[in-house]
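**Student:** Here is a sequence together with a model predicted from it:
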Amino acid sequence: MDLITISTLCVGGIGLASAAALAAAEKYFTVKQDPRIDQVTELLPGANCGGCGYAGCADYARAIVDGTAECNLCAPGGPDCAQAIAALLGRTVAVLEKRVAIVLCCGDNTEATRRATYNGIADCASAQAIAGGDKACTYGCLGYGSCARICPVNAIHMLNGIAKIDKKRCIACGKCVAACPRRLIKLVPAAAEIHVLCSSKDKGPAVKKVCGTGCLGCSICAKLSDGAISMDGFLAMVDYSQPLTHEEVVAKCPGHCIRKDPPNS
Amino acid sequence: MPTIPSSFTFHGGIHPDYHKELAAGSPIRELPLPARLVVPLSQHLGASAKPVVQTGSTVIGGQLLAEADGLISAPVHAPAAGKVVALEPTLTATGRACDAIVIETASEQTWESLPPLPEWRTADPKSLIERIGVAGVVGMGGAGFPTRVKLSPPRDKPIDTVILNGAECEPYLTADHRMMLEHAADIRLGAEIICHILGAKTLRVAIEDNKPDAIEVLEKIFQDMDGDVAVTVLRTRYPQGSEKQQIFSVTGREVPRGGLPMDVGCVVENVSTAFAIAEAVTRGRPLVRRVITVTGDAIAQPANLLVPCGALYSDLVAACGGITGKVSKVISGGPMMGFTVSNLAVPVGKTASGLLLLSPKNTTCFTSQACIACGRCVDACPMRLSPAELSQCIEAEDIEAAEPLAVMDCIECGSCAFVCPAHRPLVHHMRRAKAHIMARRAAAKTS
């Protein structure tokens, strides 16, 4: 036999033997997985955002099928996705209301002062690590975009030194909530339109000194809103479990920090 | 008593421009007592002190204003007689807020002091430690660790060597230098008290070789002291004044990772702390004043001022002739490890060693660039870390990866950032990672 034939037979033989071994392994060592896991994974949006608390969609699907997780945790999929999964598994599901993230600060570079020139690392946590950040208000948005960089769907933009969240794009995964060193981002019901965009717990005069759009703690909004806005010390807070339809609070707020979302936002 | 050049020196370090000539020649002078003192309750490491006076009460100099709260804490005393007008939060030099007692000083100053302990040589060390704690003495080199705790090592950690830290390796600062020149006798007294308390046989006075006059003065003062006493002349190199580096330079012993100086039988005390100890023990005076260097090229008359704790930085600037020209950066402490101050209305604390006002000529804004892997930071790091690798982990938001690379061992001396040709903010990265890890550990502890 010449060299070419020997080589062909050798390589071909190894190939055949390996194929046989793999075929046998497939038959005898196969791990039986619940086929529903794949089906549920198919129904999930595949954003792999981790907002449900699991490491990606496949992991969440496994948890649903195991029965360790509710099927309504997927924010990007929303109620439709939850219903579809519930129907597939023959379960009932309480549909959670759609939520979005919101930055509870509206002190942009025009309104809020900075107490120093910061030329360190352009990142909120780093700025916060240097003497608590350069913003004069110790509660407000630092504006270095840590939340915008971590957002998986590009829903956050920095506008004039402050983070703005695009309600339509937000999938409420909660990554920005964890990324903000000042804990300014909250998940709120998407239906809510009126918000107090300030997180300063300081007294009125102290707020006024550092920001043109801060909560002064006057409690006018709390009196007008039938309990939908309550005072936490010197800060007005919206209670999102109650309907807030008192639009006059927006105009009455002397700190100009109660805002209504523009239509179609 | 021999003077010995140090036979060892630590790994790495840098040689910045020292600019000590600006203030080194000006003798310590007292700051005229300001009309208002803002005395912070947290002038030390550990828990804030608990106030024992109310708004409206009249106090005299040296009276207790706030008592220590817990083991790692220190009391705060009135730096002058006057009236307490407010208990309110104030901004401190670190940029953070802290509660403070505001005193309107009286025109007539009256003082009270604790009973002096002239018989300290025969006294029980415990009573002396007690006195040092009651007098509110803390480490005056910068960290502000309560001295009482430092002087009470556990029984299984005997101390054989006391090192008196007169290195003052930070550029610009000359406060310790002036203290050594003008108060050498009290510094010796303090050193003797420390040695008596710890039962240490060996005393080393560590001074960098750029202060020959201080070396000469201390040689003379310590000449007739019993025991193994010597002035150790250190090579001028930053950060020679850092505790672990100095122990190596003086004794050749290396403090183990995560350990304390007492693990190698050493205690390091700053010369100003030794002075404060002498004052507390032999004269019964609590720590309410300190010497601070006001310097830089944007101040009219650089000086070393004796300042009551609670005086505002703006008072200091006024006492030194005010600002000349344009000031672009104000630093509390030295330029390497100090804090940039954004507001001059912050009070002096027990740990404030300098106030630096720099003109645009002496400050630069760098743009950070990518690491070029030159390895200079690795050569410069006195803790033998790899700042380049660490900073890249942290920049990639992978702080978990920085922990096994020993980011917590970083002493934030700034040597790496000083030598970095790409002007990377290396210390800033380390600080951020350390803050993150510390917050996580604290959260794990409470949950």
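**Tutor:** Received it, and whenever you're ready, just let me know what you need.

**Student:** roughly how far out does stretch B:190-207 sit from the chain middle?
**Tutor:** Computed by Cα atoms, centre = their mean, to the nearest Å, the chain-centroid distance of stretch B:190-207 equals 19 Å.

**Student:** what does the longest helix belonging to chain B rub up against?
**Tutor:** Ranked by residue count, the top helix of chain B under DSSP state H comes out as helix B:426-446. Helix B:426-446 has contacts (Cβ atoms under 8 Å, 6 or more residues apart in numbering or on different chains) with A:120-121, A:123, A:125-126, A:129-130, B:377, B:387-388, B:390-391, B:393-395, B:399, B:402-403, B:407-408, B:410, B:412-414, B:416-417, B:420. From N, CA and C alone the C-beta is placed, and that goes for glycine too.

**Student:** List the buried residues in that helix.
**Tutor:** B:L426, B:V427, B:H428, B:H429, B:M430, B:R431, B:R432, B:A433, B:K434, B:A435, B:H436, B:I437 (16 or more other Cβ atoms under 10 Å in any protein chain shown).

**Student:** What of stretch B:126-139?
**Tutor:** B:L128, B:I129, B:R131, B:I132, B:G133, B:V134, B:A135, B:G136, B:V137, B:V138, B:G139.

**Student:** Tell me which stretches of the stretch 51-200 of chain B form helices.
**Tutor:** Listed from the start of the chain, the stretch 51-200 of chain B has helices (DSSP state H, counting those that start in this stretch) covering B:125-134, B:147-150, B:175-182, B:184-198.

**Student:** Could you take those and lay them out as JSON lines, with extra columns for mean pLDDT and distance to B:I323?
**Tutor:** Shown next, in JSON lines, are the helices of the stretch 51-200 of chain B (pLDDT from 0 to 100; distance: least, Cβ to Cβ, whole Å):
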{"stretch": "helix B:125-134", "mean pLDDT": "94", "distance to B:I323": "38"}
{"stretch": "helix B:147-150", "mean pLDDT": "93", "distance to B:I323": "35"}
{"stretch": "helix B:175-182", "mean pLDDT": "96", "distance to B:I323": "20"}
{"stretch": "helix B:184-198", "mean pLDDT": "95", "distance to B:I323": "33"}
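
**Student:** And the spatially most central residue of chain A, how far from chain B?
**Tutor:** Note on chain A: the residue nearest the mean C-alpha position is A:G174, at 2.6 Å, using Cα atoms, centre = their mean. Per Cβ to the nearest Cβ, to the nearest Å, A:G174 is found 17 Å from chain B.

**Student:** count of neighbours near the residue nearest to that residue when sequence neighbours are not counted?
**Tutor:** Once flanking residues are discounted, A:G174 sits nearest to A:G51: 5.4 Å by Cβ to Cβ, 6 or more residues apart in numbering or on different chains. Residues near A:G51, counting by other Cβ atoms under 10 Å in any protein chain shown, number 20.

**Student:** try the one 5 residues further on
**Tutor:** Under the neighbour criterion other Cβ under 10 Å, A:G56 is assigned a count of 15.

**Student:** and the residue of the stretch 151-300 of chain B found nearest chain A, backbone torsions?
**Tutor:** Per Cβ to the nearest Cβ, B:A298 is where the stretch 151-300 of chain B lies closest to chain A, at 16.0 Å. For B:A298, the backbone dihedrals are phi -110, psi 20 (criterion: degrees, to the nearest 10).

**Student:** Next secondary structure after the longest helix anywhere in chain A?
**Tutor:** Ranked by number of residues, the top helix in chain A under DSSP H is helix A:3-28. Using DSSP states H and E, the helix or strand that follows helix A:3-28 in sequence is helix A:35-43.

**Student:** Tell me which residues of stretch B:49-63 come out buried.
**Tutor:** For stretch B:49-63, by 16+ other Cβ under 10 Å, it's B:A49, B:P51, B:V53, B:V59, B:G61, B:G62, B:Q63.

**Student:** Then stretch B:24-37?
**Tutor:** B:A24, B:S26, B:I28, B:L31, B:L33, B:P34, B:R36, B:L37.

**Student:** check contacts around the third one.
**Tutor:** Okay, so that is B:I28. B:I28 neighbours (Cβ under 8 Å, 6+ apart): B:R178, B:M179, B:E182, B:V291, B:N304, B:L305, B:L306.

**Student:** try 6 Å this time
**Tutor:** B:I28 makes contacts with B:R178, B:E182, B:V291, B:N304, B:L306, as judged by Cβ atoms under 6 Å, 6 or more residues apart in numbering or on different chains.

**Student:** could you redo the residues you listed as a markdown table and give each row distance to chain A and neighbour count?
**Tutor:** Listed next are these as a markdown table, based on distance: Cβ to the nearest Cβ, whole Å; neighbours: other Cβ atoms under 10 Å in any protein chain shown:
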| residue | distance to chain A | neighbour count |
| --- | --- | --- |
| B:R178 | 28 | 24 |
| B:E182 | 33 | 16 |
| B:V291 | 24 | 25 |
| B:N304 | 26 | 27 |
| B:L306 | 27 | 15 |
